[in-house]
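Student: Let me see the structure of the following:
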Amino acid sequence: MKSAVIYEGPSRIDGAPIVAIVCKMQSAGKANRKTGDVVQTYILRADVDPVAAVKTGADVSVCGDCAHRGAWDADQGRMVGRTCYVNLGQGALSVFRAYKRGAYPAITPLAASRIIAGRMVRLGTYGDPAAVPPLKWRALLHFAAGHTGYTHQWRRRIAQGLKGLCMASVETAGEASQARAKGWRTFRVAPAAAPNVGREALCPASKEAGQILQCFDCKACDGASGRRSSIRIAPHGAYASAANLAGLDARLIARGA
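Tutor: Down below sits the predicted model:
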């Protein structure tokens, strides 16, 4: 079994129907250059494909208030202000289409954990883990060797069960300080030349750090408290253009981040 559904039900963000799918449950040998050989998880709207969801705003069910979502501009026929690193037209859309074809069996997260025993898991290859009940993730990770996870919902009650399991995704020094005061370790997107905020280190898998470690070996982004520093990384991905990043700054200022 290569992929399976471990959750179908309401999003904890807004109650809309979502699905959580575990992919690459069997090691394929070929690994992502940044992450290494890692089990992937996709959190998607169950009724709307991810590309269409972004255009209509339905992606809020799986992304919440993430500042990197951007918005669809019908007049320009393109996304405006999107700084998310995920290319939805590739992996996420393929996974959604396979799900709608019925290609993925539904199994319990614990059953999936037995299959992926000893592997590294990425919570939320696309989508925020806070959309899914935390117990589903804890069961999935029961036999795993380690994991990475990030949530932009760290301010909200629905995400508190992920504390110690996920990093709080933040964009500013102010957000980093707020999240740490609430007991989170943080993962901050900031220019490579930006100063550290407290105990903070540049992601060792990033180009700016010389790609000295893959996520598979590093395991720093597991959210565990009382260990290691928080992590920051330079903007990356297809949408990390200067224009989009300027728009992100403006949105963050507007919401007082």
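Student: Would you check that Q214 makes contact with A220?
Tutor: No - taking C-beta atoms under 8 Å as the definition, Q214 is not a contact partner of A220, at 11.5 Å. (Glycine included, C-beta is placed from N, CA and C.)
Student: Between these two, point out the one with more neighbours.
Tutor: Each of Q214 and A220 has its neighbours counted (other C-beta atoms under 10 Å); A220 has more, 23 against 19.
Student: The more buried one against R228, yeah?
Tutor: Yes - counting by C-beta under 8 Å, A220 touches R228, with 5.2 Å between them.
Student: Between the two, which contacts overlap?
Tutor: A201 (C-beta atoms under 8 Å, 6 or more residues apart in numbering).
Student: Beyond the one helix or strand G124 maps to, next helix or strand please.
Tutor: According to DSSP states H and E, G124 maps onto strand 120-126. As assigned by DSSP H and E, the chain's next helix or strand after strand 120-126 is helix 134-140.
Student: State the mean pLDDT of that following helix.
Tutor: Averaged across helix 134-140, pLDDT comes to 98.
Student: List the contacts of it.
Tutor: With contact meaning C-beta under 8 Å, 6+ apart, helix 134-140 is reached by 6-7, 20, 22, 41, 108-110, 112-113, 116, 121, 123, 129, 149, 161-162, 165.
Student: go with 7 Å
Tutor: If you take C-beta atoms under 7 Å, 6 or more residues apart in numbering as the criterion, helix 134-140 is touched by 6-7, 20, 22, 109-110, 112-113, 121, 123, 129, 161-162, 165.
Student: Same question for stretch 48-66.
Tutor: So stretch 48-66 is contacted by 11, 13-14, 16, 18, 43-45, 69, 72, 79, 88-89, 92-93, 96, 126-128, 130-131, 152-153 (C-beta under 7 Å, 6+ apart).
Student: and it, which residues are buried?
Tutor: Residues 48-50, 53-55, 58-64, 66 are the ones in stretch 48-66 that count as buried (16 or more other C-beta atoms under 10 Å).
Student: Which ones among those lie within helices?
Tutor: Counting by DSSP state H, these place 50, 53-55, 60-63 in helices.
Student: Need the pLDDT of the residue of the chain most remote from its centre.
Tutor: Relative to the centre of the chain, the most outlying C-alpha is that of D75, 29.5 Å out, by C-alpha atoms, centre = their mean. On pLDDT, D75 comes in at 82.
Student: Surely E208 forms part of a helix?
Tutor: No - per DSSP: H, G, I helix; E, B strand; the rest coil, E208 lies outside any helix segment and is coil.
Student: Contacts only, for it.
Tutor: Contacts for E208 (C-beta under 7 Å, 6+ apart) come out as 192, 202, 234.
Student: change it to 6 Å
Tutor: Neighbour list for E208: 192, 234 [criterion: C-beta atoms under 6 Å, 6 or more residues apart in numbering].
Student: Look up how far A201 lies from it.
Tutor: Distance of E208 to A201, given as C-beta to C-beta, to the nearest Å: 12 Å.
Student: C215 too?
Tutor: Noted for C215: a distance of 14 Å to A201, by C-beta to C-beta.
Student: ok, these two, which is more surrounded?
Tutor: Set C215 next to A201 and count neighbours by other C-beta under 10 Å: C215 wins out with 23 against 13.
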